[in-house]
Each structure stands twice: as C-alpha cells, then as structure tokens.
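K.L.:
Quick one: sequence and predicted model below, then my questions.
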Amino acid sequence: MEFETSDPPTPHPMETDTVHPPPSQDPPRIHRLDESVVNRIAAGEVIQRPVSAVKELVENSIDAGSTSINVSVKDGGLKFIQVSDDGHGIRYEDLPILCERHTTSKLSAFEDLQSIKSMGFRGEALASMTYVAHVTVTTITSGQLHGYRVSYRDGVMEHEPRACAAVKGTQIVIENLFYNMIARKNSLKNSADDYPKIIDLLSRFAIHHKNVSFSCKKHGASTADVHSVAMSSRLDAIRSVYGVSVARNLIKVEASDADSSSFIFEMNGFVSDSNYSAKKTTMVLFINERLVECTALKRAIEIVYSATLPKASKPFIYISITLPPEHVDVNVHPTKREVSLLNQEVIIERIQSTIELKLRNFNEASTYPEHAVDISPASKAAANKVSPVNTSTSGSQKTYAYKMVRTDLQDPSGRLHAYMQVKPSRHLERNCGLNSLRPSIRQRRNPKEAADLTSVQELINEVEHGCHSDLLDIVRNCTYVGMADDVFALLQHNTHLYLANVVNMSKELMYQLVLQRFGYFNAIQLSDLVPLQELIMLALKEEDPDPQGVEDDNLKAKIAEMNVKLLTEKAEMLDEYFGIHVDPQGNLSRLPVILDQHTPDMDRVPEFALCLGNDVVWNDEKICFQTIAAALGNFYAMHPPLLPNPSGDNSDFYNRAEGVDDELISEAENAWAQREWSIQHVLFPSMRLFFKPPTSMAANGTFVQV
C-alpha cells in the first residue's frame, strides 16, 4: 500500500465537527513515535508504583553481592527513595551507559536467559526510573580512593561523574517519582498506601536472604520499621521480622522429586499450624531466589487449609522452590512479578499434598486445652450436679464439665471412640489401617463457570436463596465427634451437641455439586460395560422379590426395554451435561466424579439406572435437570452399606446366617469402616467448603439438638 506524501495530514476526529470521516477520506497516517514517548510508556509498565522501584533497586543490590541493604522513603516513595548497599559497586567506565535502556551485566545473548540466575536481566529498571524521576547514583568499587556521583535524566548523564567521598558499594536516590506523569502521580498521592507495601516487600526479602541485613525507615526517622540482621536459621529470620507469635506456630515442610535423574524441583519452607490465626493469607514465595507470585499455588494451599483446618484457613506460608534454570521462564511479566514453570501442575499438586500431610500429622500429634466459655444463667443450676474436672481457671476456682467446649477436630479424647469399646477390623489390620491412605480433599484447581443454561442457573439460585443461615453456621464451624448410629453423626457447635442425618446431608450436598459442576465432570471409568437392561431388571426384581410367574417377568423385561431405549435416546445429553455415558448398545460405561475422593456404592447402580428411566421428567428442561441431579445425589449419598454392620446392632445376622465366612465379614467390616472414614475426612471437610443447607432441614429431622 502506498501513502500520498503530498496530501495534508488528516485532521483528528476531535478537531472537526464530523466524528466519522467520509468513506472516501484517506485513513490516518502511521508515524513513528518519538523515542522519548516510547521510553516513558515503557517506563510506566516497569515502574508501576514506588514499591516497584524499591524492588528493582533491592534486587540489583542483592545481585551485587551486598550483605547490608538500607532503604529510606519519603511520602510513600513519591518524593524520595534511597537504597544503599555494600556491594561491589559500579565501574567508572560503565557510568555513561548505566541508565541507558537494555544495558546490563547479567547476560549478553538471548540464550543466556535459559541459565539466568541473577534477578535482573533486561537492563530496563534504572533506565525507566530516569524517564519518570530524577536519579542520582553514588558508587565506589574496591581499590578506589574515592567514589563518583552522577545524575541521570531520560537515560543519559546530566553531567560528567564527579569525584566524591563514598563508602563501599552503591547508593541510588530517586526523587520526584512520576513528576511528568500527572495522572499516575495523582492516583498515588496517598502515601499511606505504598509505604506499607514497601515494608512488606523488605520483610519478604529479609526472611529469604537471611545472610543479608535489611533496614527500612521513613526519611528523617530515627528508628527503622524493618530491621533485620544476618541470621543463621530461616526460623530466626522469620521471628526477627514477623514476630514470635508467627514463628512459634510454624511447621517445616519439604518436598522434592524422588527421581534425581529427572530432577523437577526441590521445595522447602514453613507453613502455619492450627494455632495460627490471621485475617488474611500471607504467602512469601521465592522461585530460584526470585520473589514472585503464583495465584494457582496460593489457591491450592488455601483449599488445603479450608478443608483441613477450617478455623485457621488464612495461613502464613513461606516457600522456596529450586528448579533447573531452563525450566523457568522469567521473561513473562514487565515487573518480573510472575514466572512460567515447566510441569507447574505437577509441582503444585506435590506441594499441596505435602502440606496437607504435614497438617494432618501435626493435628494428630498435638493436644489442645479445653477452654471455658460463658453460658446462660439458666444452665448454671446444673453446676451442683456436675463433678468438677481438674482444670482450674484461677486460684481455687474450678471449671465444670458443662462449661467445656471441644476445640480439637482430631483429638481422640474428644471423639466418641474414646468412650466405646470397638473391635478393630481384621481387614484393616492387614492393610495397616485406613489412616495410611488419607486422600486429599481438593476443589478443582481451575473451576469453570456453571453452564450458561438459564434453567441451571435458576436451580443454583434456588439453592442460594433457600440456604438456612443458622444451619450454615453450624456446618461451617462444627466439630465432628463420631457416628451415633448407622445414620446420625454427632456434631458439636459451640456448647451444643447435634445429631445430623448423614444420608440427608450427603444427598443434598451431591445434588448441589451436580448443579455447580454441570457440564464439567471428570469421569469414573467402569472396568466392564454394564448392560442397562440387566441393571434395570435387577432393580425391578429387588422392588418385587416375589414375582407372580413368567408373565410378571415378561412385564419387567418390557419395562426395562422401554427404559433402555429412552436412556439410549437421551445418551448424548446425559454424557455432555452429567458425565453419564451410555453407548448405542445400551451399555453403561462411565459415571461422573461429583465429589473428589468419593466413589458411590456400586451395589446401588441398578437402583440408579431404574431411577433415571422412571423418575426423570424429560419434557421440561428445568425439571429434567433437577430430577437427574436428584437421582445422582441419591446415588452418591453416603447410605449405610447393604451388608449389616458386624460391630453394630445387626451383628447377630452373621451368627444366624449359614455359610458366612470370614471373607464376607471382613468385607462388611471394611465397608463400614471406609464409610465412617469418608464421612469424617471427605464429607465434612467438603461440606464446610461447599454445602448450603436448605431451610427444610431445620424442620425435617436432619439436624436435632441433643
């Protein structure tokens, strides 16, 4: 395309009365931006706030081998930032190009990025500062009798370097930041916003670089808001910066790839335990010595805390990850705040499972005191009838048992089993106990939005609006005590005990999760194709165990055949929306994963197949989705196993029945033990995260206060 150079420039639309130019008018010219404009735009991306400038300067100081870094700030960094270090300094001959764009001592070829170990590499930070502020550098290198001071503006020296007295290292002063970017400066006028960010930044550097001393203070102040000295241990560094209350509630965590030949990563750090309490999560993450952020990892760890320690779900996390340099792409963000990792999903999952195991082991090994709480005056009359316990509140005062609240989710002394004699399962003895399995309770790492269908959104809204606030508080903050019988679990909330119907709760939870995951299910692949015809026939025979002859069997067969035909016709919809796969021959091959780490009782598949055929209303979209979700909810609910409990009230069944061998008894023991384990470690942690109890549960006997 050729441009007519003789034509006058096209007027800007705002300079004319016509907003839209006539179709025949030439398009506006493309012209090259002035270099100063380009540099200022780029500078605004690299130096977004005063804290961005401090981060770049501190990282340069660390790259220079400094053992002491001091920061002074005025008006949140807008007026004045000074960063002084005792590093190797800057050569005199390098000063003329020090603040030019893309000048650096960290690399010389693009391939060097694959093995970069320094924090700086682009050569943009100092140049960017000179385009939006006044920069003065004072430096001295080893062996020099005096240092040099030089000022920079727009990437070039304002004067020749001047000899001056200087101490070892480099001092960089940034003044009047964003003086030529009025809109940016006006948006940052409140210095109270940025100074805490600078304090937080220096605190993070201080606990990772424990061999470096850091200080940060307001300009002119006599005391520093951050002051750390070189420490021998990481925990001492955390204690020095964040305080004793944080350091004493930390657990050491470590993880690595077991196969050294395919080294993926090494991780070490500290995470808070169940005694730590804060209003927000603090996560300090270093990858290959670089301070970065990783939202996916932070969310994954928060999910572990929400499921494992719901009352300490805002943790303190310090993690340092080491990877081969070629596995990290550091050039993905203007401020180098983020990096891209090879095998990121594997690394996140390994760290998540490591932290979860540490938290669970800590809970099992820890003991917690019982706390006295105030109760209503009406209940004080019972004090004379209750024997006191040994715990004393002060002096001769005694705390009575009725004032005690169970505070530990894992403490065996607070569990129902402590007061019952239960014979151990022989099957579990052979397999070293179910506790050795302890699968994770994980929410999807990348949850997708619910389907765009209006009917599904209406059903989700009904769940939201029908939630009972008091029951929600009980579910979110209750302590699981144990199973009272085959159906009811015993829960404690504050000073109250509740019997909760596990079947009803799990059925409703599964129904809600089906709606939330509508159209996005992982799959349970059945080992063999299962003919729906046979499944439905089994279910019909279970409903009517005494058939009236051949005619009755023929009727059941016709009912089964009609249901199979119906489900085969609806197979595409069932697969796409609910993850239920029925092939053209009428075989069931896949079922959805509704709750991670939970598999439904396959003995109930015939009942589920019949329910899909008989109970689903297919001619109304909303009711159709509702009834399918209800059928799935009932199928995946934690019903009592079909085999009687060998340790329960029906244990005499095995004594009366003929031909019952040890293998069947062992299978029953395992099924019941697995169910209770799943209720405690899968169902209740998931309910704390996802469950919204409907108002009907307050009156239908699902929750009963003891």
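P.N.:
Yep, that arrived. Residues are numbered from 1 along each chain as shown.
K.L.:
Please count neighbours and contacts with C-alpha atoms only from this point.
P.N.:
Will do.
K.L.:
all helices for the stretch 1-150 of the chain, in order.
P.N.:
35-46, 50-63, 125-132 (DSSP state H, counting those that start in this stretch).
K.L.:
roughly how far apart are the nearest residue to Thr568 once chain neighbours are set aside and Leu574?
P.N.:
Spatially, and ignoring its direct neighbours in sequence, Thr568 is nearest to Gly586 (5.8 Å; Cα to Cα, 6 or more residues apart in numbering). Separation of Gly586 from Leu574 (Cα to Cα, to the nearest Å): 13 Å.
K.L.:
who's more crowded, these two?
P.N.:
Applying other Cα atoms under 10 Å to Gly586 and Leu574 shows that Gly586 carries more neighbours, namely 22 against 18.
K.L.:
surely that one meets Pro531?
P.N.:
Yes. Between Gly586 and Pro531 there is a contact at 6.1 Å, judged by Cα atoms under 8 Å.
K.L.:
How is this structure partitioned into domains?
P.N.:
35-228, 243-362, 461-643+665-705 (the TED database).
K.L.:
Next, format those domains as CSV and append distance to Leu235 and mean pLDDT.
P.N.:
Shown next, in CSV, are the domains of the chain (distance: least, Cα to Cα, whole Å; pLDDT from 0 to 100):
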stretch, distance to Leu235, mean pLDDT
domain 35-228, 8, 82
domain 243-362, 6, 81
domain 461-643+665-705, 31, 87
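K.L.:
Using a markdown table, lay out those together with distance to Ser455.
P.N.:
A markdown table is the format used below for the domains of the chain (distance: least, Cα to Cα, whole Å):
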| stretch | distance to Ser455 |
| --- | --- |
| domain 35-228 | 44 |
| domain 243-362 | 29 |
| domain 461-643+665-705 | 5 |
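K.L.:
related to what we said a few turns ago, now do the contacts for the residue nearest to Thr568.
P.N.:
Pro531, Leu532, Gln533, Val564, Lys565, Leu567, Thr568 (Cα atoms under 8 Å, 6 or more residues apart in numbering).
K.L.:
before we move on, what about Glu266?
P.N.:
So Glu266 contacts Glu254, Ala255, Ser256, Asp257, Ile321, Thr322, Leu323 (Cα under 8 Å, 6+ apart).
K.L.:
For Arg299, see how far away the third one is.
P.N.:
Per Cα to Cα, Ser256 is found 20 Å from Arg299.
K.L.:
Mind checking which of those two has more residues around it?
P.N.:
Neighbours per residue (other Cα under 10 Å) separate Ser256 from Arg299, with Ser256 holding more: 18 against 15.
K.L.:
Specify the beta-bridge partners of the closest residue to the more buried one other than its chain neighbours.
P.N.:
Leaving aside its chain neighbours, Ser256 sits nearest to Glu266 (4.3 Å; criterion: Cα to Cα, 6+ apart). Here Glu266 sits in beta bridges with Ser256, Thr322, as judged by DSSP bridges.
K.L.:
Can you get me the start-to-end distance on stretch 169-187?
P.N.:
For stretch 169-187, the end-to-end distance is 34 Å (Cα to Cα).
K.L.:
With stretch 513-529 instead?
P.N.:
Start-to-end span of stretch 513-529 (Cα to Cα) is 26 Å.
K.L.:
which one's the longest helix in this protein?
P.N.:
helix 344-365 (DSSP state H).
K.L.:
Which strands and helices lie in contact with it?
P.N.:
strand 250-256, helix 295-308 (3 or more Cα pairs under 8 Å, 6 or more residues apart in numbering; DSSP states H and E).
K.L.:
Could you pull out the buried residues of that helix?
P.N.:
For helix 344-365, the neighbour count (16 or more other Cα atoms under 10 Å) marks 347-353, 355-360, 363 as buried.
K.L.:
Using CSV, please lay out those residues together with distance to Asp470.
P.N.:
CSV is the format used below for those (distance: Cα to Cα, whole Å):
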residue, distance to Asp470
Ile347, 39
Ile348, 36
Glu349, 35
Arg350, 37
Ile351, 35
Gln352, 32
Ser353, 33
Ile355, 32
Glu356, 29
Leu357, 32
Lys358, 32
Leu359, 29
Arg360, 28
Asn363, 28
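K.L.:
which one of these sits closest to Gln25?
P.N.:
Gln25 has its nearest neighbour among those in Ile348, at 56.2 Å by Cα to Cα.
K.L.:
For that closest one, give its distance to Thr308.
P.N.:
Counting by Cα to Cα - Ile348 and Thr308 are separated by 17 Å.
K.L.:
from the chain's centre, how far out does the helix or strand Lys565 falls within sit?
P.N.:
Using DSSP states H and E, Lys565 falls within helix 550-569. Centroid separation for helix 550-569 versus its chain: 48 Å, with Cα atoms, centre = their mean, to the nearest Å.
K.L.:
What lies in contact with that helix?
P.N.:
Contacts for helix 550-569 (Cα under 8 Å, 6+ apart): 532-533, 536-537, 540, 547, 582-586, 610, 612-614.
K.L.:
Extract the CA atoms of that helix and return them as CSV.
P.N.:
Output of helix 550-569 as CSV, limited to C-alpha atoms (Å, rounded to 0.1, in the frame of the first residue of the first chain):
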residue,chain,number,x,y,z
VAL,A,550,-43.5,-65.8,33.7
GLU,A,551,-46.0,-63.0,32.8
ASP,A,552,-44.7,-60.9,35.5
ASP,A,553,-41.1,-61.4,34.3
ASN,A,554,-42.2,-60.5,30.8
LEU,A,555,-43.7,-57.3,32.1
LYS,A,556,-40.5,-56.4,33.9
ALA,A,557,-38.5,-57.1,30.7
LYS,A,558,-40.7,-54.8,28.7
ILE,A,559,-40.4,-52.0,31.3
ALA,A,560,-36.6,-52.5,31.2
GLU,A,561,-36.5,-52.5,27.4
MET,A,562,-38.5,-49.2,27.3
ASN,A,563,-36.2,-47.5,29.8
VAL,A,564,-33.1,-48.6,28.0
LYS,A,565,-34.5,-47.3,24.7
LEU,A,566,-35.3,-43.9,26.4
LEU,A,567,-31.9,-43.6,28.1
THR,A,568,-30.1,-44.5,24.8
GLU,A,569,-32.0,-41.7,23.0
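K.L.:
Identify each buried residue in that helix, please.
P.N.:
Buried-residue list, helix 550-569, by 16+ other Cα under 10 Å: Lys556, Ala557, Ile559, Ala560, Glu561, Asn563, Val564, Lys565, Leu566, Leu567, Thr568.
K.L.:
Need those residues in a markdown table (columns: distance to Val132).
P.N.:
Conversion of those to a markdown table gives the following (distance: Cα to Cα, whole Å):
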| residue | distance to Val132 |
| --- | --- |
| Lys556 | 83 |
| Ala557 | 82 |
| Ile559 | 79 |
| Ala560 | 77 |
| Glu561 | 78 |
| Asn563 | 73 |
| Val564 | 72 |
| Lys565 | 73 |
| Leu566 | 70 |
| Leu567 | 68 |
| Thr568 | 68 |
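K.L.:
follow-up on the earlier one: can you select the buried ones from the contacts of Glu266 in ChimeraX?
P.N.:
Remark: buried members of those, expressed as a ChimeraX selection using 16+ other Cα under 10 Å:
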select :254,255,256,321,322,323
